[in-house]
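Colleague: Need a 3D model of the sequence below.
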Amino acid sequence: MTSHRRVGSRAPLTGLAVAVFALLLLPGLVLGADWTGLDRISSKGGTRLDSLHQAAASSNVVHVVHPRVGPRKADDKVVYQRSTNDGKSWSGERTLFKAGQRFRKVVPNLALDARGPIVAVAYRVSGPKGHTLFVRVSRDGGRTFGGRVSIFSTKTKTGIGVPAVAIGNDLIAVAWTHRSNGQVKVRVSRNDGKSFRNTRTLGKTRVSIDCQAEVTDGLVGIAANDRSVHVAFSDAGKQQCYADDIKVRTSLDRGGSWSPARSITTRDSFGWPELDARGKTVVATVQSVSGSLIVSRSVKNGRNWREKVFAPPPGHIFSAADVTLLPKGRVVVAYVKERLEKGKLHSTRLVTRRSPNDGQKWNRPRPVTDEARRLRMAPNVVNDKNRVTILVQSGDLDGKPRHIFATRRR
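Modeller: Residues are numbered from 1 along each chain as shown. Model prediction:
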């Protein structure tokens with residue numbers, strides 16, 4: 001079993017854009033009795049709502065990486081922080097990328113994973129000569145990082161899809177979409193990220209993130225455990241801005257060969273699956289277009305899947321979820337419960353659900369925060385053995401995030 005967790009908590013597709021949830025801290029905000037108060041991570045606020053953070057945990061360290069985007073092109077950065085006390089306090093920001101003449105822009109939405117002392121960060125940048133996906137790897141638990149390794153480059157205007165990264169036993173796998181043709185791709189390293197094997201194409205997506213068939217993105221999810229890697233992506237029978245199939249392909253030999261594509265769920269969804277793996281168990285979450293939450297599980301290394309749907313109460317919808325697998329068959333899912341009034345968002349609440357048996361049965365939902373007006377979140381949930389930490393991003397609803405916060409399971 002593994003206690004690491006890759007998290008890429010990402011909001012669903014809504015209308016013509018990727019909707020991103022943020023948390024506006026209000027006076028007197030109450031957290032659930034099972035959780036600590038909110039501890040601030042970031043030292044300085046960001047400037048764009050889509051500057052999502054990513055988190056991972058391993059070997060008594062919680063890691064977070066997030067971009068700083070603008071307002072000037074020269075201001076773009078990718079920054080990293082670490083905590084050795086489950087998110088109570090954090091290191092200062094370490095810059096992993098800074099905009100220059102060749103690469104002038106950070107493309108928001110990053111990827112991060114950690115296993116033992118290995119930490120891998122994947123991020124996209126663009127400039128006058130095109131777009132590039134880079135990976136930087138730490139081999140000492142985030143204290144230092146090696147130089148950046150180019151994973152993929154393109155000069156097409158549509159660029160590179162959102163990346164995902166996962167670490168297994170002597171492997172680092174990076175997946176993404178070539179947006180110009182919808183191909184879902186993966187590269188694997190077997191030497192802790194010093195070099196990567198040739199690119200493999202695992203499938204082709206028809207999901208259009210601009211709803212105009214110009215930009216396709218499989219919105220990939222990934223999980224690894226020991227020698228196994230699972231890459232999931234969003235697909236559709238025709239070009240459309242929602243998925244009617246979440247497909248997954250699995251490698252049981254560290255990326256050497258891959259299974260045929262299998263369906264995690266064929267319900268209509270906003271795509272962008274979140275995955276975690278432990279042993280032969282894999283659990284995936286995705287948001288239904290109806291506002292329900294789809295949770296699908298495989299106990300045979302991705303060979304077959306059974307799904308469960310969490311339906312919201314009347315007047316509510318569930319937003320994007322994240323999932324983490326703990327030891328001894330336990331699973332935690334974190335998501336946002338939104339209350340609507342006359343079709344408009346009225347208030348939200350961050351909620352968790354737990355399973356004691358790898359997703360076969362689920363306990364009742366438990367609140368992390370009390371209901372509050374304009375309380376909007378894209379949660380990251382991570383665990384290191386039995387310790388669970390949730391990260392959220394704050395900010396006004398006009399699209400300017402302020403800070404990242406962490407709360408810990410008591």
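Colleague: Give me the below-cutoff pLDDT ranges for the protein.
Modeller: Within the chain, the stretches with pLDDT under 70 are 1-32, 45-52, 372-377, 394-402.
Colleague: ranges for the strands of the stretch 301-410 of the chain?
Modeller: For the stretch 301-410 of the chain, the strands defined by DSSP state E, counting those that start in this stretch occupy 306-310, 316-318, 322-325, 331-341, 344-355, 366-367, 372-373, 380-384, 387-396, 400-408.
Colleague: Mean neighbour count added to the ones you listed, as CSV?
Modeller: Where you see a C-beta, it was placed from the backbone N, CA and C, and this is true even at glycine. Conversion of those to CSV gives the following (neighbours: other Cβ atoms under 10 Å):
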stretch, mean neighbour count
strand 306-310, 15
strand 316-318, 19
strand 322-325, 26
strand 331-341, 21
strand 344-355, 19
strand 366-367, 15
strand 372-373, 15
strand 380-384, 27
strand 387-396, 24
strand 400-408, 21
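Colleague: Reformat these as TSV; add distance to P260.
Modeller: Shown next, in TSV, are those (distance: least, Cβ to Cβ, whole Å):
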stretch	distance to P260
strand 306-310	19
strand 316-318	31
strand 322-325	24
strand 331-341	26
strand 344-355	28
strand 366-367	38
strand 372-373	46
strand 380-384	31
strand 387-396	35
strand 400-408	39
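Colleague: out of those strands, nearest to R94?
Modeller: R94 lies closest, by Cβ to Cβ, to one member of the strands of the stretch 301-410 of the chain: strand 400-408, at 14.8 Å.
Colleague: on that earlier part again, of the strands of the stretch 301-410 of the chain, give the one that comes closest to E93.
Modeller: strand 400-408 (10.8 Å).
Colleague: residue with max distance from the center of the chain?
Modeller: Within the chain, K342 marks the point farthest from the mean C-alpha position, 30.9 Å out by Cα atoms, centre = their mean.
Colleague: got a list of what that residue touches?
Modeller: K342 is in contact with no residue at all, counting by Cβ atoms under 8 Å, 6 or more residues apart in numbering.
Colleague: before we move on, what about G343?
Modeller: Per Cβ under 8 Å, 6+ apart, neighbours of G343: none.
Colleague: measure it to S290 for me?
Modeller: Here G343 is placed at a distance of 15 Å from S290 (Cβ to Cβ, to the nearest Å).
Colleague: if we can go back for a sec, S59 is nearest to which of the strands of the stretch 301-410 of the chain?
Modeller: Nearest to S59, of these and by Cβ to Cβ, is strand 380-384 at 7.3 Å.
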